[in-house]
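Peer 1: Structural data only, the sequence is not supplied:
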């Protein structure tokens, strides 16, 4: 059947709450409204206000509450309504959620899955189109995953909720309404494994989340130029599946990394470093990056110029092939 990413995520939450009464959903407007993007639609009516409940507009309080619930044996799934709203919760996530297992010598597990809609492309106002992934990837003690398809949306969210470690679950908001074939419930590749979405022979295009659709569109356009692009969906940003990444680069000899976040110290830098460490002698050209710019996210009328698109990606592919 054909479902949207939003529908798949909603189904994953519903099924997780059905299977385990320790799973709770909390956040701003997740209950009565069903979430700004309707990802939690119907959960309050089905499971009641003790298991799906609205919170005050205080992100640090949402995460602090989730940490306390996890300490008492629950598996909370807090939603931070928009990516830019995750910053007020930064101290709770970095200082406590990520560290308590180590601090307690492994005796205290915090199975908290933080859902964060992220990225641009929806014409939003300030603070509503951020790409904060590298903050969380840099934080030891957190797992970070991001689905790009409805099937992965369902499967990865179920795995994240079942994990005994805290997971930052990044949902590409401009892909919420993208449709795909998915038989739910779905189980895809394990949570921390990258996937080759399209085989190719000339250049490996490494992407994740909102950029998968752009990379696949670029691969289609590249065929007209006689270029064969291999598209790899990272899926997991921490831990990073270096084996799948480097296996692809060894096949093609070239790599282009694409993401929405700004260039400096973005995921592309880490992926490029892993490639040169593990596949240096297979490279025919430098690893290139196609990213957002090192500026604050622009006003909505300018975001189409800021976000990486097919033309910018194909330009990088050409530079790699003609190096």
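Peer 2: Done, it's in. Because the structure is predicted, anything quoted here is derived from the model rather than measured. Residues are numbered from 1 along each chain as shown.

Peer 1: For stretch 296-314, the averaged confidence score.
Peer 2: Stretch 296-314 comes out with an average pLDDT of 95.

Peer 1: In which helix or strand does the nearest residue to residue 78 once chain neighbours are set aside reside?
Peer 2: Excluding its sequence neighbours, the residue lying closest to residue 78 (C-beta to C-beta, 6 or more residues apart in numbering) is residue 66, at 4.4 Å. In short, each C-beta sits where N, CA and C put it, glycine included. Element membership for residue 66, per DSSP states H and E: helix 59-71.

Peer 1: buried set for that helix?
Peer 2: Buried residues in helix 59-71, counting neighbours by 16 or more other C-beta atoms under 10 Å, are found at 59, 62, 63, 64, 65, 66, 67, 69, 70.

Peer 1: domain ranges for the chain?
Peer 2: Structurally, the chain divides into domains by automatic domain parsing as follows: 2-181, 195-321.

Peer 1: gap between the last one and the chain center?
Peer 2: What that stands for is domain 195-321. 15 Å (C-alpha atoms, centre = their mean, to the nearest Å).

Peer 1: Strands along the stretch 101-250 of the chain, start to end?
Peer 2: According to DSSP state E, counting those that start in this stretch, the stretch 101-250 of the chain carries its strands in the segments 113-118, 143-145, 167-172, 179-181, 195-198, 203-207, 229-233, 236-238.

Peer 1: returning to what we had before: the residue nearest to residue 78 against residue 75, yeah?
Peer 2: No - between residue 66 and residue 75 there is no contact under C-beta atoms under 8 Å: 9.7 Å.

Peer 1: Check the contact lists of those two and give me the overlap.
Peer 2: Jointly contacting residue 66 and residue 75 under the rule C-beta atoms under 8 Å, 6 or more residues apart in numbering are residue 112.

Peer 1: Show me where the stretch 51-200 of the chain has its helices.
Peer 2: 59-71, 90-91, 100-103, 133-137, 150-162 (DSSP state H, counting those that start in this stretch).

Peer 1: Ok, which of those comes nearest residue 313?
Peer 2: Closest of those to residue 313 is helix 133-137, at 18.8 Å (criterion: C-beta to C-beta).

Peer 1: Could you point out the longest strand of the protein?
Peer 2: If you go by DSSP state E, the chain has its longest strand at strand 255-262.

Peer 1: Which neighbouring elements make contact with the helix or strand following that one?
Peer 2: Using DSSP H and E, the next helix or strand after strand 255-262 towards the C-terminus is helix 267-279. Judged by 3 or more C-beta pairs under 8 Å, 6 or more residues apart in numbering; DSSP states H and E, the packing partners of helix 267-279 are helix 133-137, helix 242-252, strand 255-262, strand 288-292.

Peer 1: ok, and which of the ones you listed has the densest surroundings?
Peer 2: The highest mean neighbour count among these, using mean count of other C-beta atoms under 10 Å, belongs to strand 255-262: a mean of 26.

Peer 1: what is the mean pLDDT for it?
Peer 2: Averaged over strand 255-262, pLDDT sits at 98.

Peer 1: other SSEs contacting that strand?
Peer 2: helix 133-137, strand 203-207, helix 211-223, helix 267-279, strand 288-292, helix 310-321.

Peer 1: Quick one: residues in contact with the first one.
Peer 2: The contact list for helix 133-137, computed with C-beta under 8 Å, 6+ apart, reads 90, 93, 118, 142, 144, 146, 168, 170, 237-238, 259, 261, 265-267, 270.
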